[in-house]
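Q: Return a 3D structure for these sequence lines:
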Amino acid sequence: MGKTPSFHFNQLSEELQVDPDIAFAALDNFDDYIDWISSALLADSSFVLEAVKRYGSWVVSYVSMDLRNDRGFIREAIALAPRAFYHAGDDLQEDTEFVIENIRQNGVKLEDLRWRAHKNRAIVIAAVQQDPASLQHATPSSRVIRRFRQLQDVSVSQLQGGGSKMAVATKKELFCH
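A: Below is the predicted model of the structure:
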């Protein structure tokens, strides 16, 4: 966010290194300070959630894998910034039910998921049902995408337009095969 840091958190006393107000003040001026924030603060879900709220989903990539695989924490982070799902741990990224739940309830989009999810038929279907434009982010090898491309009479823009009988019929045909 501008200036190069002139000090590092490891130069502070232990008491000050875990002070959330100091960490937020530093991050307000230079987001690279996150590299120097104590692991204790980055393990504190309330601190991290406030940081996600203030600075965005990228903060989740700096927390421990335990927190990144914590369902409750990730749900809260996604509620603040849906793209936080991209930084969720592998266990949650590979849990099809959890992924679909967050697509439907929290606005997670296919583009917010790692590439492996793009090959999962159930995930692609859920994402496209929520937002037809998600189709452009699906892996071409996905069965759903191949089927969609076979149906040349309907485009993503027709699905987004939301309404012709042909588009509805094609959606049914697409998702029922």
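Q: Which strands or helices does the helix or strand hosting A126 pack on?
A: Assigning secondary structure by DSSP states H and E places A126 in helix 121-130. If you count contacts as 3 or more Cβ pairs under 8 Å, 6 or more residues apart in numbering; DSSP states H and E, helix 121-130 packs onto helix 96-106, helix 143-150. Every residue, glycine included, has its C-beta placed from N, CA and C.
Q: give me the low-pLDDT residue ranges for this structure?
A: Applying pLDDT under 70 to the chain picks out residues 1-10, 115, 137-177.
Q: Now do the helices in it.
A: For the chain, applying DSSP state H gives helices covering 14-17, 20-29, 39-42, 45-55, 65-68, 71-80, 90-93, 96-106, 121-130, 143-150, 156-161, 165-176.
Q: May I see those helices organised as a markdown table, with mean neighbour count added?
A: Shown next, in a markdown table, are the helices of the chain (neighbours: other Cβ atoms under 10 Å):
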| stretch | mean neighbour count |
| --- | --- |
| helix 14-17 | 12 |
| helix 20-29 | 15 |
| helix 39-42 | 15 |
| helix 45-55 | 18 |
| helix 65-68 | 16 |
| helix 71-80 | 19 |
| helix 90-93 | 16 |
| helix 96-106 | 18 |
| helix 121-130 | 20 |
| helix 143-150 | 15 |
| helix 156-161 | 14 |
| helix 165-176 | 14 |
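Q: mind putting those in TSV, distance to R114 included?
A: Shown next, in TSV, are these (distance: least, Cβ to Cβ, whole Å):
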stretch	distance to R114
helix 14-17	32
helix 20-29	26
helix 39-42	21
helix 45-55	18
helix 65-68	12
helix 71-80	13
helix 90-93	5
helix 96-106	10
helix 121-130	11
helix 143-150	17
helix 156-161	22
helix 165-176	23
